[in-house]
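S.K.: Sharing a model that was predicted from the sequence below.
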Amino acid sequence: GGHARVVLDALLQLERFAVVGILDRDRARRQVVGVLDGDEPRREEMLYGVLLLGGDERLAELRSMATHVIVAVGSIGAPTHRVEIYRRSRELGFEAAVVVHPAASVSANAQLGRGTFVGPAAVVNAGARIGENAIINSGAIVEHDCALGDHVHVAPRAVLGGGVRIGARAHVGIGAVVRESLQIGEDAIVGAGAVVIRDVGAGMVVAGVPARPLR
């Protein structure tokens with residue numbers, strides 16, 4: 001999907017990895033006949049010159065061809081499929097690549113967990129700690145001393161003030177702002193454009209200015 005295009009674009013610019021191929025469970029987006037058997041791929045079997053190798057079910061057989069994986073499944077709300085693929089890839093023995101777009105700014109004194117992607121124009125400042133398989137999307141700002149759990153998604157242009165704590169699998173929507181030192185609980189969702197001035201409990205959905213619970 002769209003997020004995968006951004007991740008692949010970053011990988012190709014970084015030139016740190018030789019990209020073996022892409023897996024996509026959406027059959028409408030790929031043609032896979034013979035690709036793994038050495039046949040010449042047709043144009044529609046490639047994205048930016050990289051092979052589309054088939055669906056998620058082929059992950060295990062690719063272990064002999066690749067050492068690293070990056071889960072390029074985007075998430076709006078609960079990242080169920082993203083978490084599932086990440087866990088399966090780790091169980092199969094893949095290393096989880098950390099991919100930082102060359103146009104991002106990540107402090108040398110920040111920590112990025114395995115499998116995390118940091119998009120173009122994003123900022124991760126000193127003392128920030130990001131968990132595994134997280135997305136810090138295009139133009140997002142994670143200020144100093146923030147702590148984000150595994151599988152968190154900070155959407156484009158969202159801003160986290162200093163010292164914000166976010167639990168695993170939470171989602172902070174496009175353009176949302178979270179005031180410094182607040183806590184966002186596990187599996188919580190902050191709606192697009194929200195301004196959060198109070199803690200958000202686990203599993204809550206909040207939206208608006210100021211943000212108020214929707215459920």
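M.R.: Arrived safely.

S.K.: Now do the top strand by length along the chain, average pLDDT.
M.R.: If you go by DSSP state E, the chain has its longest strand at strand 50-54. For strand 50-54, mean pLDDT is 84.

S.K.: swap in stretch 200-215?
M.R.: On average, stretch 200-215 scores 95.

S.K.: mind listing what the nearest residue to Gly149 once chain neighbours are set aside touches?
M.R.: Spatial nearest neighbour of Gly149, chain neighbours left out: Ala168 (3.6 Å); criterion: Cβ to Cβ, 6 or more residues apart in numbering. Placement of C-beta: from N, CA and C, glycine included. Going by Cβ atoms under 8 Å, 6 or more residues apart in numbering, Ala168 touches 131, 149-152, 186-187.

S.K.: Mind putting the residues you listed into JSON lines with neighbour count?
M.R.: Listed next are the contacts of Ala168 as JSON lines, based on neighbours: other Cβ atoms under 10 Å:
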{"residue": "Gly131", "neighbour count": "21"}
{"residue": "Gly149", "neighbour count": "21"}
{"residue": "Asp150", "neighbour count": "20"}
{"residue": "His151", "neighbour count": "29"}
{"residue": "Val152", "neighbour count": "29"}
{"residue": "Glu186", "neighbour count": "16"}
{"residue": "Asp187", "neighbour count": "20"}
